[in-house]
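**Q** Okay, structure incoming, though there's no sequence with it:
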């Protein structure tokens, strides 16, 4: 039964400290990275699996529902999803979309990934979570990732759906009551206030959230540019915001936050989080869909990676999203200097 949104007492709003990753997840990811790094090859760590683009929301900042209007109702088969996981050979799968909970094969997909020892983020806006949650069982491999882009007024405006914020908060309560791992993913737009980000994180931690992911928005060509910030604006914002987030259960790396604040520079690793959807393997990255390839191998071999690593493409100028730069930060952490930066934080 869905609970109502009761705001916890203010004294409960205290950063709880360390994020609680599912047991074994970080070890599996670290082994994967070290093995592939030693082999000297480009490799992904997280597969962005989009089995569909249809959604029950029409978010202002979403490129997908605009880019794929002509194929919005197409879906991958279960076999195609699993084949994509095999091709990319990743330890972690992010099941996105669209709204994954309306994907016709979502339950067998999650169950098969569990059997294959793949950790996964099941991304959702939370609107139908209360109706679907009984079809899933808590498992160390499964993290339900709720999309929250600010407090109620901001979030509902961005997703263009009144009541979306309350529904997502109720979803967190349901998930934690039933023993699921749960995190939130927050995209920060130009309209989002830093104060409300802090307020949001205090709220979700008081509800027992396991982790928090943060990223500045990407300026899709199909979306109103009023939602987005320049690289300089992002750096200025995070120089103010990042110190205020110390102690929260952030799943971003400290190195990534240093990059967001402009303290260090990072090359992009666009192949670190490849995307596959009903059109194929999206190239060159999650943000830029210039072409779609038939296989993961074809995408890796035919893409002019140096053009995107060093931001040579003008569309990369203001991109600082976690899809391309968290893999870079994680690779940097494998070095002695990088590991020290992770240990000391930002």
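**A** Sure, I can see it. All values reported here derive from a predicted model rather than from experimental measurement.
**Q** Point out where the chain drops to low pLDDT.
**A** 1-20, 63, 220-224, 336-346 (pLDDT under 70).
**Q** now with 90?
**A** The model of the chain has pLDDT under 90 over residues 1-24, 26, 56-72, 190-191, 217-228, 311, 333-346.
**Q** Geometric centre of it: which residue is closest?
**A** Residue closest to the average C-alpha location in the chain (Cα atoms, centre = their mean): residue 185, at 5.8 Å.
**Q** what sits up against the helix or strand that residue falls within?
**A** Using DSSP states H and E, residue 185 sits in strand 181-188. Here strand 181-188 makes contact (Cβ atoms under 8 Å, 6 or more residues apart in numbering) with 20, 22, 61, 121, 123, 138, 140, 142-150, 172, 175-176, 197, 200, 204, 208-217, 237, 251. (C-beta placed from N, C-alpha, C; glycine too.)
**Q** any idea how far the nearest residue to the residue nearest to the centre of the chain once chain neighbours are set aside is from residue 183?
**A** Sequence neighbours aside, residue 213 is the residue nearest to residue 185 in space, at 4.5 Å (criterion: Cβ to Cβ, 6 or more residues apart in numbering). Residue 213 is 6 Å from residue 183, where distance means Cβ to Cβ, to the nearest Å.
**Q** again, but for residue 123
**A** From residue 123 across to residue 183, the span is 10 Å (Cβ to Cβ).
**Q** Pull up the overlap in contacts between the two.
**A** residue 145.
**Q** how far does stretch 138-153 sit from the chain's center?
**A** On the basis of Cα atoms, centre = their mean, to the nearest Å, stretch 138-153 is displaced by 10 Å from the centre of the chain it belongs to.
**Q** Mind listing what's buried along it?
**A** 139, 141-152 (16 or more other Cβ atoms under 10 Å).
**Q** what's near enough to touch residue 140?
**A** Neighbours of residue 140 in contact, by Cβ under 8 Å, 6+ apart: 22-25, 181.
**Q** can we see that at 6 Å?
**A** 22-23 (Cβ atoms under 6 Å, 6 or more residues apart in numbering).
**Q** repeat for the one 3 residues further on
**A** The contact partners of residue 143, taken as Cβ under 6 Å, 6+ apart, are 121, 181, 183.
**Q** Could you find the closest non-adjacent residue to it?
**A** Counting by Cβ to Cβ, 6+ apart, residue 143 lies nearest to residue 181, which is 4.5 Å off, once chain neighbours are set aside.
**Q** Contacts for stretch 106-116, please.
**A** Contacts of stretch 106-116 (Cβ under 6 Å, 6+ apart): 78, 81, 93, 100, 120, 135, 139, 141.
**Q** Can you mark which positions in that stretch are buried?
**A** For stretch 106-116, the neighbour count (16+ other Cβ under 10 Å) marks 106, 109-110, 113-114 as buried.
**Q** where along the stretch 1-150 of the chain do the helices fall?
**A** Secondary structure of the stretch 1-150 of the chain (DSSP state H, counting those that start in this stretch): helices at 25-38, 64-67, 78-88, 106-115, 129-132.
**Q** Residues in contact with the first one: which ones?
**A** Taking contacts as Cβ under 6 Å, 6+ apart, the residues outside helix 25-38 that touch it are 43, 91, 119.
**Q** just those now: which is nearest residue 225?
**A** residue 43 (33.9 Å; Cβ to Cβ).
**Q** Could you check how far residue 118 is from residue 84?
**A** For residue 118 relative to residue 84 (Cβ to Cβ), the value is 12 Å.
**Q** quick one, which of these two is more surrounded?
**A** Under the criterion of other Cβ atoms under 10 Å, the comparison of residue 118 against residue 84 puts residue 84 first, with 24 against 19.
**Q** what about the residue nearest to that one when sequence neighbours are not counted, which SS state?
**A** Spatially, and ignoring its direct neighbours in sequence, residue 84 is nearest to residue 276 (4.4 Å; Cβ to Cβ, 6+ apart). On the three-state scheme (DSSP: H, G, I helix; E, B strand; the rest coil), residue 276 is labelled strand.
**Q** Let's have the contacts of helix 25-38 in CSV, adding neighbour count.
**A** Below are those laid out as CSV (neighbours: other Cβ atoms under 10 Å):
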residue, neighbour count
43, 19
91, 21
119, 25
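**Q** Now render those as CSV, adding distance to residue 247.
**A** What follows is those, written out as CSV (distance: Cβ to Cβ, whole Å):
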residue, distance to residue 247
43, 33
91, 28
119, 25
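**Q** Mind jotting down where the strands sit in this structure?
**A** Ranges of strands within the chain are 46-49, 92-95, 119-124, 142-147, 181-188, 211-216, 275-277, 280-284, 289-293, based on DSSP state E.
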